[in-house]
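K.L.:
structural data only, the sequence is not supplied:
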C-alpha cells in the first residue's frame, strides 16, 4: 500500500530558514510542496522519508535564497494491482460504490464489480446484496474490504493551450470509463484514482464475513 519513491528536485531555501539545519530546512520545503499531492506515475505523496543527497547551496545575485539540488525519498500511497485493502463506504449511486480510506477518497467499485445479485435501492440510496434470500445492505461508513483492479493517472495540470501538440499520456478506454464514473460522484476528475472489485469470496463489508 505504501512504497518509497526516489525523486530529484531543486529546493529553494529562504533566508529566514538559514537558521535551520540543512536536512530540516530541505525537508520542510519538500513536505510543503509534495505532501498530500499526486505526482504523475508515482502516486499520492504522504511525506518525506529521508534526504539521500543535497548539493552545496547556490545563492543567486539579488535573490538571497539558497538553491540546492536534492535527491530524496518520499513515502507514497500506491497500492499494487491485486492488493487487498480495507476502507469505509463513502457513498453509493447507480454507478457503483465510492470508498474512502480517510486520507484518500478516489476509490470506485463499479456496479459490475459488486457481488452477483447486487441491486441499487433508490429509496435508501445504497446497494443491496441479495444473498440466499437475505438482503445485505451496504450502509454508508461501514468497513469494506476490496481488491485493487486498476489504477489511473490523469494529468489535471491547467494549460492555456488546449490544442497544443505537446504529447500527453493517453488514457485507455477502461481508464477513461473509471474516471467518468468517479466524476459522476465528484466535481472534478481526480489526478489519481483506483478502480476496485469485491466480486470474490471474503470481499465486501466486513460484517458479511464476521471479520
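P.N.:
The structure has been received and is ready for your questions. None of these values were measured; they are calculated from a predicted model. Residues are numbered from 1 along each chain as shown.

K.L.:
chain neighbours aside, what residue packs nearest to residue 15?
P.N.:
Nearest non-adjacent residue to residue 15, counting by CB to CB, 6 or more residues apart in numbering: residue 64, 5.2 Å away. Any C-beta I mention is one placed from the backbone N, CA and C, and that applies to glycine too.

K.L.:
tell me how this protein divides into domains.
P.N.:
2-77, 84-158+171-209 (automatic domain parsing).

K.L.:
which one of the ones you listed is the most hemmed in?
P.N.:
Burial of these is given as mean neighbour count (mean count of other CB atoms under 10 Å); domain 84-158+171-209 ranks first at a mean of 16.

K.L.:
show the contacting residues for residue 105.
P.N.:
90, 98-99 (CB atoms under 8 Å, 6 or more residues apart in numbering).

K.L.:
checking it next. Helix, strand or coil?
P.N.:
coil (DSSP: H, G, I helix; E, B strand; the rest coil).

K.L.:
against residue 121, how distant is it?
P.N.:
23 Å (CB to CB, to the nearest Å).

K.L.:
now do residue 189
P.N.:
Residue 189 is 27 Å from residue 121, where distance means CB to CB.

K.L.:
quick one: residue 120 and residue 95 touch, right?
P.N.:
No - judged on CB atoms under 8 Å, residue 120 makes no contact with residue 95 at a distance of 9.0 Å.

K.L.:
what sits up against stretch 90-97?
P.N.:
Counting by CB under 8 Å, 6+ apart, residues outside stretch 90-97 touching it are 89, 98-100, 105, 108-111, 113-114, 120, 122, 125-127, 138, 140, 144, 181, 184-185.

K.L.:
among the residues you listed, name the ones in strands.
P.N.:
If you go by DSSP state E, the contacts of stretch 90-97 have 89, 98-100, 108-110, 120, 126-127, 144 in strands.

K.L.:
JSON lines for those, including distance to residue 200 and pLDDT?
P.N.:
Putting the ones in strands among the contacts of stretch 90-97 into JSON lines (distance: CB to CB, whole Å; pLDDT from 0 to 100) gives the following:
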{"residue": "89", "distance to residue 200": "17", "pLDDT": "97"}
{"residue": "98", "distance to residue 200": "19", "pLDDT": "97"}
{"residue": "99", "distance to residue 200": "16", "pLDDT": "98"}
{"residue": "100", "distance to residue 200": "21", "pLDDT": "97"}
{"residue": "108", "distance to residue 200": "17", "pLDDT": "97"}
{"residue": "109", "distance to residue 200": "12", "pLDDT": "98"}
{"residue": "110", "distance to residue 200": "15", "pLDDT": "97"}
{"residue": "120", "distance to residue 200": "20", "pLDDT": "97"}
{"residue": "126", "distance to residue 200": "21", "pLDDT": "95"}
{"residue": "127", "distance to residue 200": "16", "pLDDT": "97"}
{"residue": "144", "distance to residue 200": "13", "pLDDT": "97"}
